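Participant: what follows is a predicted protein model with its sequence.
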Amino acid sequence: MPHILIVEDEAAIADTLIFALQGDGHSTEWVTLGSAALEQQRQCPADLIILDIGLPDISGFETCRQLRRFSEVPVMFLSARDGEIDRVVGLEIGADDYVVKPFSPREVAARVRAILKRMAPRAEPLAAAPELFQVDTLRMQIHYRSQALSLTRHEFRLLQSLLEQPERVFSREQLLDAVGVAADAGYERSIDSHIKSLRAKLRAVTADAEPIQTHRGLGYSYSPSHS
Ligand code: CA
């Protein structure tokens with residue numbers, strides 16, 4: 001039974017989450033402070049943490065930063081406002097998803113299921129993945145379905161980063177980091193144009209596959225099941 005830690009100072013919101021998650025077959029623990037969440041995760045690690053950003057002691061962002069020093073547990077942020085900056089900051093400090101209040105508890109439960117499914121070890125697709133893509137780091141070359149791709153250095157780094165962590169959603173900033181390009185005003189478009197050209201090269205191998213998935217407002221991921 002997956003165990004979910006809920007960090008939320010508003011009892012009414014915590015109650016609806018507990019109800020929805022327990023109805024979905026999860027066990028839950030509820031704390032109201034960021035410091036209590038860190039303590040709880042050290043003592044009795046949860047499989048996923050739902051983390052409110054506005055907490056009475058330390059913010060959800062700070063809690064997540066401290067959490068990441070000792071835990072890779074999936075984190076879903078709850079935010080009171082829909083700010084693109086929050087979203088980006090959240091993903092940068094290692095959140096896995098982001099929900100804006102008011103939300104439907106059922107939707108949160110569905111997203112929790114999706115994250116846990118993504119995290120679960122899946123022998124078959126992962127075992128199949130290396131056959132689809134072969135990465136030669138030394139020669140900076142990638143084969144897709146046994147065909148060598150003709151990639152620029154940036155495209156190579158981009159695809160390599162995506163392949164290393166299947167299903168992980170990378171923000172554009174994270175991808176820029178991977179490519180080794182300094183962020184500037186045009187950075188988002190530069191990642192988008194590299195992705196566009198990468199996709200064209202992948203489609204030249206197989207027209208009906210879409211290994212690189214777009215997550216609107218968030219970024220990109222590599223999906224073995226779409227390869
Ligand atoms: Ca709050």
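Facilitator: That came through, no problem. Since this is a predicted model, take the numbers as computed values, not measurements.
Participant: residues contacting the residue of the chain found nearest the ion?
Facilitator: Nearest residue of the chain to the ion: Gly54, at 3.8 Å (Cβ to the ion). Yep, even glycine has a C-beta here, placed from its N, CA and C like the rest. By Cβ atoms under 8 Å, 6 or more residues apart in numbering, the contact set of Gly54 is Asp9, Gly60, Ser79, Ala80.
Participant: just the buried ones from those?
Facilitator: Gly60, Ser79 (16 or more other Cβ atoms under 10 Å).
Participant: a markdown table for the contacts of Gly54, including pLDDT, secondary structure and distance to Ser225?
Facilitator: What follows is the contacts of Gly54, written out as a markdown table (pLDDT from 0 to 100; DSSP: H, G, I helix; E, B strand; the rest coil; distance: Cβ to Cβ, whole Å):
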| residue | pLDDT | secondary structure | distance to Ser225 |
| --- | --- | --- | --- |
| Asp9 | 97 | coil | 38 |
| Gly60 | 93 | helix | 31 |
| Ser79 | 87 | strand | 29 |
| Ala80 | 82 | coil | 34 |
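Participant: where are the low-confidence patches of the chain?
Facilitator: Applying pLDDT under 70 to the chain picks out residues 82-85, 121-130, 180-188.
Participant: quick one: the helices in it, in order.
Facilitator: 11-23, 34-43, 60-67, 84-92, 105-119, 123-132, 153-164, 172-179, 187-205 (DSSP state H).
Participant: now, of the ones you listed, which is deepest in the fold?
Facilitator: With neighbours taken as mean count of other Cβ atoms under 10 Å, those reach their highest mean count in helix 60-67, at a mean of 21.
Participant: which other helices and strands contact that one?
Facilitator: helix 34-43, strand 48-52, strand 75-79, helix 84-92 (3 or more Cβ pairs under 8 Å, 6 or more residues apart in numbering; DSSP states H and E).
Participant: run the last query once more with 6 Å
Facilitator: helix 34-43 (3 or more Cβ pairs under 6 Å, 6 or more residues apart in numbering; DSSP states H and E).
Participant: could I get the helices of the chain as TSV with distance to Val99?
Facilitator: Shown next, in TSV, are these (distance: least, Cβ to Cβ, whole Å):
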stretch	distance to Val99
helix 11-23	10
helix 34-43	17
helix 60-67	12
helix 84-92	10
helix 105-119	6
helix 123-132	27
helix 153-164	24
helix 172-179	20
helix 187-205	23
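Participant: list the buried ones in stretch 213-222?
Facilitator: Residues Leu218, Gly219, Tyr220, Ser221, Tyr222 are the ones in stretch 213-222 that count as buried (16+ other Cβ under 10 Å).
Participant: then stretch 42-49?
Facilitator: Buried residues in stretch 42-49, defined by neighbour count with 16+ other Cβ under 10 Å: Ala46, Asp47, Leu48, Ile49.
Participant: just flag the most distant two among those residues.
Facilitator: Asp47 and Ile49 (8.8 Å; Cβ to Cβ).
Participant: please enumerate the shared neighbours of those two.
Facilitator: With contacts taken as Cβ atoms under 6 Å, 6 or more residues apart in numbering, Asp47 and Ile49 have no neighbour in common.
Participant: check contacts around Ile49.
Facilitator: Applying Cβ under 6 Å, 6+ apart, the residues near Ile49 are Leu5, Val73, Val75.
Participant: same question but for Gly90, I mixed them up
Facilitator: Contacts for Gly90 (Cβ under 6 Å, 6+ apart) come out as Phe77, Tyr98.
Participant: touching the ion at all, stretch 10-25?
Facilitator: No. Using Cβ under 5 Å from the ion, stretch 10-25 never reaches the ion; the gap is at least 5.5 Å.
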